[in-house]
Structures are given as C-alpha cells and as structure tokens.
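got a predicted model here, sequence first, then my questions.
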Amino acid sequence: MIAELGVFSMVLSLIVAVVLACLPLAGAQLGIRSWVALARPAAVLHCLLSLLSIAILTWCFWAGDFSVLYVAANSHSELPMMYKLTAVWGGHEGSMLLWQVMLACWTLAVAWRSRALPPAFVARVLAVLGWISVGLLLFLLFLSNPFTRLVPAPLEGKDLNPLLQDPGMVFHPPLLYMGYVGFAVPFAFALAALISGELGAAWARWSRSWTLAAWGFLTLGILLGSAWAYYVLGWGGWWFWDPVENASFMPWLLGTALLHSLIVTDQRGAFRSWSALLAICAFSLCLLGTFLVRSGVLTSVHAFAVDPGRGLFILCFIVAVVGTSLWLFAWRASALGQGGGQFAALSRETLLLANNVLFSAAALAVLIGTLYPLALDVLRDEKISVGPPYFQAVFLPLVLPAVALMGVGAVARWKLSTWSEIWRRLRAPLACTVVCAVLLVLSNGRLGPRISPATLLGVALGLWCVLSTLAHAWQRLAPGWRQGEGWQRLARQPWGWWGMLMAHAGVGVFVLAVSLADGLESKLETSVTQGETLEFAGYAFRFDSLAPVAGPNYDAQRAQFSVRQGEQQWLMFPEKRTFRAQSMGLSQAAIDSGWTRDVFVALGEPLDEAGRSWTVRLQIKPFMDWIWLGTLMMALGAGLSLMDARFRVARARQPRPVKPSLQQGVS
C-alpha cells in the first residue's frame, strides 16, 4: 500500500497546485482578499505533499520493494545503501519527481520570504509557480509515474546504471536541479509584473536575490558535473560540449546576463523590458533542457527517457509556457519601455548592456550547435556531430570580450564615464597584464613546452580579470588605510561588493586555469606489460602488478603503477570494474591531484588472455584544481552577495539619483 500512498500524495499535491494556480490569481485580479490569502497556506501544503511523495519513493528503495517498476529498474539487492537512496533520482521518473519537489520547495521559500511584499503581487508569483507545478504533476501522474506497480514482482532488480554509482550522485543532481528550477522564480516575478502591469523597477529588486540563489546553485551543479565526468568517465576531460551539458550551460549563460541586467533595472530603472525577456528566456532554456534529456532525442550518459509520448507532452508544455509568457511580454511591451533616462556610450549601463548582448549571443551559439544536428536528422535524415571545434570557433570569440570588459565595468560610472578616469584606475593592472604577456611570449618554448597563441590569450585575459579585480578592491579600500580607518572601512563594505569581487576573481582564475590545462596537457594512449616502465612527460610509470578485487556489487581488476618524478615516488591504483548485475565494464581512473598538476592513469582493455598486457591512458593535466577553485569562487560570490542586507529588505524603492562621484561596488 505504500506505493499507492505515494500516488495519492501526488494527486493531493495536484489538487492543491490547481488551487494555488487559480484562486490567488483570480483574487489578485478581482480584489478578493480571502482568495489572495490562500496563496501561502496552499504553497505550504503543496510543498509538504511533494516532500511526502519523494519520501515514500525513498522508502521503497530503502526497503527494496521490487514490486514498484521504477525501483526494479534502478536498484538491486547488492547495491550499496548510499546508491539505493541516490537511485531515487537516478532514472527518468524519479528525476522528474525531484524536479517537482525542488519547485515546491522554491515555491514555499518564496511564500515564506516575501511576506513584506504586496500580497496581491506575491499571489500572482505563487500562482505562476503553481501552474508550472500543475503541468509537472500531470506529466508525472499520466506519463512518468514513479509508483507504477510491476506484476508479478521480480525477485531481483536490474541495478542502477554503473556510471551513476558514484558519490557525486549524492550532490550533483539536487544542486543542478535547484539551479534549473530556481530560475522559475525570476520567471514568475517577471510574469507577475506583466500580468499586474506593475512594470517599474521594484519587481527586479525583489527577484534579484532569487536569481542569485538559482545562479549559485546551478554553478555548483555544473561544477560537480564537470568534476564527475573528469574522474568517472575515464577519458580525462572535464567538458566535452555534450548536448546535455549544454542544456545546463545555456541557462547559466542567460542567468549571468539576467543578473547584470537586473542590477541596472534595480539601480537605474533601465533595461526593464530586457530584464523581463531574459527572465523568460532563461527559464525557457531550463524547460528546453528538460525536453532534450527526457524526450529521447539525445543519446548521452545524462539522458534518461526514450518514450516519444513523454517528449511530446514536454514539448507541448514548453510551447504553452513560453508562448503565454511571450504573448504577455508583447502585450505589455509598450508599457515596459526602457526607463532610466539617457546614458552615454561610455558608462556602466553601456558596459553591462554589452555584457548582456555577448552572453546572450553566446547562449544562442550554444543553442544552435546543440539543436542543429537534431534538426538536420529530422528534416533530412542526416547524422552529423557538432563538437569542440565549432564551439571553440563560435563561442569563445563571444565570451572572451565579455571577460575583458568585466574589469572596466566594475570601475565605470553610471550615466557617464570618461576614458581618462578609467585609464587612471586600470593602468596598473593593464600594465602588469601586458608585461606578463610579453614575458610569456619571449620565453615561449624556452623554459617549458611551447604555448599556442590561443593559450597565451587566455592566460592574459585571466590575469587581466584577476588583477583588475584586485585593483578595484585596492582603490576602494586604500583611502581608509591612509586615513587610519582601514579596518572600519573594510567592515563597512556591503556583502554584495565582496560577492562581486569573489565572482569576478573566480572568472579570472577559471579562464587562467582552463587555458593552461588545455594548452599544456600531455596525453598518451599506449599498451603496457607488467614489469614495463613508460617514460612520459618527465614521469616514469611502472606497471607493477594486477590483482582481482571484489566490490559490493562488482568485480574488478586493480592495477598498481609506481610513478616517479625526480626524487618523488608514489603508487596509483586504476581499476577495470565489471558490475555483476548488468555485466557492464567501467574504467575507474586513478588521479593524483596537486595544486599545479593532475597525474591521470586509466586502464583500457586487456590485450591477452592472461591479462599481463593492457591498453592504458596517461595524462598530465596542469592546474585542474584551479578550474574547480575558480568555479567554486563564482558560486561563493553569489552566496556572499545573498548575505547583503539590501536583499533582506523587501520594499519598493525608486532608482537613486546619479551622484558625481564614482558609484562603488556591485549593487
């Protein structure tokens, strides 16, 4: 009966979602306060019922109830308990239920944290989120029910996909979905403003904290996904422009543009229509990513569903949501306007607008590269692959200028700035960047391996981003130290400013690390016999031995490699695992991580029956840890900004008048 209780909780959740979607919205439009007051209690009940549903599914996995079809397809009696619990979202039905639960939690958070906002406006926001929940619950109940019974019940399950049997499965999907689904909140705020006609800057201020939170979660989710691919898939890469990777990256790009656009809308009252459109497009790309993963149109380690009926429902849902929101946007476009008055060609507004355009164009380039092979397959029955060469040729020329402009935008004035003032503030970091770039060019190939021009450009841009951020911090804090008030001035800085510094510095560290990791990596695929030593990239790899190892639900061949670099020597233990339930092989790479390099060893296939000779992949990856560090700094920047007191004061505010002095910090 426990599975039936899960279905019943989803049905009740659907009923409550319908009430949340209809009555508060009607009450806000008709001025019926009692209906408006239903919004928050309905949001609470909807969240509790959604949590009950996923708790029941978790219990089914914990108990090994193979009479539930989803449990039988994704679990096994030998599966370790941690992976039994993470298998809750390891397949299509459970991951969609997690999507719905995350949306219910975001809805509850909005209801709880928006008590100081106008009740009618909050009712419209919650109603929009309620309508999204209605669509997801209908999809779950009729096309992707995770509680469907299997009669007769099998004695054993099919096991979880071995690629998903990793500790990263505990955190990566929930964090990624928190970011994915979180963009529904600024989408709902934008639609609430369009429905009500309250198109000033207030809705942008109210939605900025939610956008920051969603962007931060999505950043962490992408970080964990990249790290997971790096050490699990065994090919030594951290980003392959896989279509499903792109499905999460596109909302991140538009979310970045939205964050900066909301700053201008909040502070200057400008870019109101642009901010609303970006909020709509960012969530639309989240829905598109769901369609790509769940419809079966993609073949990927990330993709789950192969049922075209599910894909058709999601596609219709996307058309309904996006079509309605764009119709509302077109209806209110004349009332939105731009606001904020005029601003000069050289101003913070212009630079942030350039940021928006470049990031939006980059998202469009990724979208075209992702969808073009699918469209060609459908229209002309031709199979093509769009890989890294396309994205490096089209994506990088759009993003790198945005990175270069980051240092300028942070020090430019609102409304009007001057080249002389910008030069005065940025000449030191620019000079340091140029000197470092010249030294790299002069020493290229002499003190180490030869570096390509693209790598040199990436290193220079990364240095510029970090140094300009440090210069901005110094210029803001130095007057206090000269006046003997250094610590007081340090304590007075808003958390939002610290968050901006952290995120921008993180971008610089990331660009620098990616450039060095991709430009200086060394890799070798060869064969090796026990007792043989391979000399590669200044390292000596000796294949010492091979021994069988039994895991909880797999059998493995574990190799021992002695690695030596100069006077240092250590052991590495790559494995070739075979999972018993599915007879699926998986290479578990051995990675020795350091702050300046990763040493990567992965076993391939045996070359003889005795197992003495194997193919092996060796890689030296410079500065991989700095890639993770830079991404973590971006997410931490979002977290620091959320601590700003301005985000805890939910009230309408008119744009501040322009002051003659330089506007400091991120607002």
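Received it, and whenever you're ready, just let me know what you need. Residues are numbered from 1 along each chain as shown.

quick one, strands of the chain?
522-529, 533-536, 539-550, 554-565, 568-572, 575-579, 584-588, 590-593, 597-606, 613-622 (DSSP state E).

mind putting those strands in TSV, distance to Leu629, mean neighbour count and mean pLDDT included?
The way it works is simple: take the backbone N, C-alpha and C, and place the C-beta from them, glycine included. As requested, the strands of the chain are exported to TSV (distance: least, CB to CB, whole Å; neighbours: other CB atoms under 10 Å; pLDDT from 0 to 100):
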stretch	distance to Leu629	mean neighbour count	mean pLDDT
strand 522-529	22	14	94
strand 533-536	26	14	94
strand 539-550	24	15	95
strand 554-565	23	18	95
strand 568-572	23	12	96
strand 575-579	28	20	94
strand 584-588	24	17	89
strand 590-593	12	16	94
strand 597-606	13	20	93
strand 613-622	14	20	94
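
need those strands in a markdown table (columns: distance to Leu194).
Formatted as a markdown table, these follow (distance: least, CB to CB, whole Å):
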| stretch | distance to Leu194 |
| --- | --- |
| strand 522-529 | 52 |
| strand 533-536 | 60 |
| strand 539-550 | 60 |
| strand 554-565 | 53 |
| strand 568-572 | 57 |
| strand 575-579 | 51 |
| strand 584-588 | 49 |
| strand 590-593 | 49 |
| strand 597-606 | 48 |
| strand 613-622 | 47 |
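
ok, which of those strands comes nearest Val378?
strand 584-588 (30.7 Å; CB to CB).

just give the closest residue to Trp570, not the sequence neighbours.
Using CB to CB, 6 or more residues apart in numbering and skipping residues adjacent in sequence, the residue nearest Trp570 is Val563, 5.6 Å away.

just checking, the one you found touches Ala537?
No - between Val563 and Ala537 there is no contact under CB atoms under 8 Å: 11.3 Å.

could you pull out the helices for the stretch 151-300 of the chain?
168-182, 184-196, 202-232, 243-268, 272-294 (DSSP state H, counting those that start in this stretch).

rebuild those helices as TSV, extending it with distance to Arg332, mean neighbour count and mean pLDDT.
Output for those, formatted as TSV (distance: least, CB to CB, whole Å; neighbours: other CB under 10 Å; pLDDT from 0 to 100):
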stretch	distance to Arg332	mean neighbour count	mean pLDDT
helix 168-182	24	22	93
helix 184-196	5	27	95
helix 202-232	12	24	92
helix 243-268	15	25	92
helix 272-294	8	25	90
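
dump these to a markdown table, plus distance to Leu426.
Shown next, in a markdown table, are these (distance: least, CB to CB, whole Å):
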| stretch | distance to Leu426 |
| --- | --- |
| helix 168-182 | 33 |
| helix 184-196 | 32 |
| helix 202-232 | 26 |
| helix 243-268 | 19 |
| helix 272-294 | 27 |
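
the ones you listed: which one's closest to Gln588?
helix 202-232 (7.8 Å).

give me the angle between that closest one and strand 597-606.
50 degrees (axes from the mean of the first three to the mean of the last three CA atoms, to 10 degrees).

run through the neighbouring helices and strands of helix 202-232.
For helix 202-232, the packing partners by 3 or more CB pairs under 8 Å, 6 or more residues apart in numbering; DSSP states H and E come out as helix 168-182, helix 184-196, helix 243-268, helix 272-294, helix 624-642.
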